[in-house]
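K.L.:
Let's see this in three dimensions:
(2 chains)
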Amino acid sequence: MAHFAQPLRQLMAQGAVWQGYREQAKPLDRVTTGSENLDLCLGGGWAKQRLHEIQTPRPFIGEVALCLPAIGESAQIQRPIFWIAPPALPYPQGLSQATSAEGQHIVLTPKHMADTLWAAEQILSSGVAGVVLLWASDLSQAACRRLHLAAQSSHALTFVFAGLQSDEARPYASRLRLTPGSSEVSVLKRAGGWPVTICA
Amino acid sequence: MRWLYAHFPQLQLDRLLRMEQQLSQLPVVLYEESGRPQRIVQANSAARALGISEHMALPKAWLMTENLRPLAWQAKAQAQELQQLCAYLYRSFSDIYPDPPDGLWLNLQPMQRLHADTEVSVQLLQQCLAKLAVMVRVKLAQTPLAARALARAQCENIGQLPVTSLPAEPVLHERLQRLGMNTLADVQRHPRALLGRRLGEQLVSLLYALEQNTQAPSAPFHPPSFFYQRTVLMAEAKSWQALQFSLKRQLRELELYLEGRQQLTCQIQLRLYHRDHEPTSVIVGIPHGAWRVDEMMPLCQLKMANQVWVAPVLEISLSARRLRAREAEHRDLWQAGGQYQQPLSQVLNQLQLRLGEAEVMGLQTISRWVPEDAWQRTSAGQVLGHALPAARPCWLLQQPQNIPIDLWSLECGPERLRIPWWSNTREESVRDYYHARDQEGVLAWVFYCYQQQQWYVHGWFDA
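P.N.:
Predicted coordinates for the structure are as follows:
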């Protein structure tokens, strides 16, 4: 049986095998998304210490609006909010109105994708962030897994914004897809449920 | 017995001998380059054994031995060595008075509060100096001038001081010797008034200074307001790994220095000295300040790991001049899960070092009505600030984009803003701002510019 163990260990190291005994003993902290239907769908809201993906065909169609309550809560507990490689300038006047005037917002504009991923991993593993908003399209499985491991050890909520992605499996806790102009949200992956399309 | 004088007859030579161990077996001298003939300033024990002494002319020294190694004496290096020595002793002694080029006084009276017995202070001094491996002659006396004279002439008490070692002109020495007085005891036997009439006022004031003047001899040593340390490496370093150990030791000294003053450093400057090349300078910027070795060492490592040097490194100097007062860190005592949390400044330092200083910024609002001016970049970590009461979008395009307004549907507005000529936009204009939805129904912040008669989209509401 020894020669079967080797490939199994490799699969486990890649994270492709889900092991039932590793279930979390204590329920994760959750933050509301701002929409009751979506909260119900996701089991109470966004789970901390996990990665969440929001796919949008074009930017600014309401993806950050789902994260605004999380940003507000982070500002209240005085943890900084990191914006990594955003598509435009997060406008302080608008943010201050929508969330709170006490938030510490830090914007990073790295020049290369490698720097973007490195920065996200550093921030998550330091444990200092409250919310991390990362714009990165086409994250590979390995990169995603590294971010997932880093997110598990920190108290932050991590959101990854990308374009429309294929169905390949990724270690996100939940994956949403938004359509411009409509309030329909298709939940492609969520903890404890099948994919569903709801009206947020 | 309040004053202690320490004489370092070969301060610079000791440092050079520490650098090259094999030289200590050979007779090594330091000579002064100016003056004809060139005179010897410092000689090591091997040279003294052969009969070479200070103030001897260099050509004469060459006659004594063929294996002589003469090196140029540098006044600046000597002064720096003395300063570093004073800074090192400042840890244990409070009143230090340097006597350039090669001595210093210690006032032991303030130390009596700590060490009641002067013997203890002397032992402490010997312990400190033993670590440095410098040759030193220490003497105690009631007055500073007496202590200095005793240490330099190596006598036991001032009565035995030869007349030639007194700090006076050679004319006076000659006159005293012609009168048959060879030591200070001989001089002290005569009444002062007689001495003053025969030999002049200078001798009387000199005797008074030697016996009774206990005032401080020069300006006291103040530790510098910045950190500088230069160390000689045990062996030549050709790569970063060989340098790490010495650098870590220097960073620990810097940590002690900063801890004692409750400061942070914003920049570390390293200089690597090579044998025949100009020194290499490496600057490690720490925008958010650091004071712990664990924070500074990885930053230095990031900077130095890929550097290639022109020649092996013999000495390394560390200087930290941009210092700033430390602010209290707020840590969460009851962290759920007890997870390790780095301080925010440390994370920001690392990010700025790798990504670049301009790529990491904080945001803050400014109370202005021109949208482009109503925000500013700040150093990361600042809070946002209050917003104007008018509705503003979450995203701003730094260059407004032209739009075909026929395909858009306006919702609420207009809000008229008059942009003055002194704003960041550099041109005076009048704009009417509206909330509008585009073809796909996404809400944006658009405006009509009267000057250019065009419609632009300036920002997006994420809703």
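
K.L.:
Could you use CA atoms for every contact and neighbour count after this?
P.N.:
Noted.

K.L.:
for chain A, what spans make up the strands?
P.N.:
Ranges of strands in chain A, per DSSP state E, are A:30-31, A:46-47, A:51-55, A:81-84, A:89-90, A:105-108, A:131-135, A:157-162, A:174-178, A:184-189, A:196-199.

K.L.:
can you redo those as CSV with distance to chain B, mean pLDDT and mean neighbour count?
P.N.:
Listed next are the strands of chain A as CSV, based on distance: least, C-alpha to the nearest C-alpha, whole Å; pLDDT from 0 to 100; neighbours: other C-alpha atoms under 10 Å in any protein chain shown:
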stretch, distance to chain B, mean pLDDT, mean neighbour count
strand A:30-31, 15, 90, 18
strand A:46-47, 16, 92, 24
strand A:51-55, 14, 94, 23
strand A:81-84, 9, 95, 24
strand A:89-90, 5, 92, 18
strand A:105-108, 5, 94, 24
strand A:131-135, 14, 95, 22
strand A:157-162, 13, 94, 24
strand A:174-178, 12, 93, 21
strand A:184-189, 13, 92, 18
strand A:196-199, 14, 90, 13
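
K.L.:
Any chance of those strands in a markdown table with distance to B:Gln301 as columns?
P.N.:
Formatted as a markdown table, the strands of chain A follow (distance: least, C-alpha to C-alpha, whole Å):
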| stretch | distance to B:Gln301 |
| --- | --- |
| strand A:30-31 | 39 |
| strand A:46-47 | 37 |
| strand A:51-55 | 31 |
| strand A:81-84 | 25 |
| strand A:89-90 | 33 |
| strand A:105-108 | 23 |
| strand A:131-135 | 27 |
| strand A:157-162 | 29 |
| strand A:174-178 | 38 |
| strand A:184-189 | 42 |
| strand A:196-199 | 50 |
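
K.L.:
Nearest to B:Ala387 among those strands would be which one?
P.N.:
strand A:89-90 (13.6 Å; C-alpha to C-alpha).

K.L.:
before we move on, the earlier item: and of the strands of chain A, who's closest to B:Pro393?
P.N.:
B:Pro393 lies closest, by C-alpha to C-alpha, to one member of the strands of chain A: strand A:89-90, at 8.9 Å.

K.L.:
Out of the strands of chain A, flag the one nearest B:Leu11.
P.N.:
Closest to B:Leu11 of those is strand A:105-108 (C-alpha to C-alpha; 51.9 Å).

K.L.:
okay, now the domains of chain B?
P.N.:
Listed by automatic domain parsing, the domain ranges of chain B are B:3-141, B:227-325, B:381-460.

K.L.:
Between the two ends of the first one, how far is it?
P.N.:
Taking C-alpha to C-alpha, to the nearest Å, domain B:3-141 runs 5 Å from one end to the other.

K.L.:
now the second one
P.N.:
With C-alpha to C-alpha as the measure, the ends of domain B:227-325 fall 14 Å from one another.

K.L.:
so where's the chain shaky on pLDDT?
P.N.:
Going with chain A. For chain A, residues meeting the criterion pLDDT under 70 lie at A:1-5, A:21-25.

K.L.:
not quite, I wanted chain B
P.N.:
B:19-21, B:329-341.

K.L.:
For the lengthiest helix in it, enumerate the helices and strands it packs against.
P.N.:
When chain B is parsed with DSSP state H, its longest helix is helix B:240-261. Taking 3 or more C-alpha pairs under 8 Å, 6 or more residues apart in numbering or on different chains; DSSP states H and E as contact, the helices and strands that helix B:240-261 lies on are strand B:227-237, helix B:293-304.

K.L.:
circling back: a markdown table for the domains of chain B, including mean neighbour count?
P.N.:
Rendered in a markdown table, the data for those read as follows (neighbours: other C-alpha atoms under 10 Å in any protein chain shown):
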| stretch | mean neighbour count |
| --- | --- |
| domain B:3-141 | 17 |
| domain B:227-325 | 17 |
| domain B:381-460 | 17 |
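
K.L.:
Done for today, thanks.
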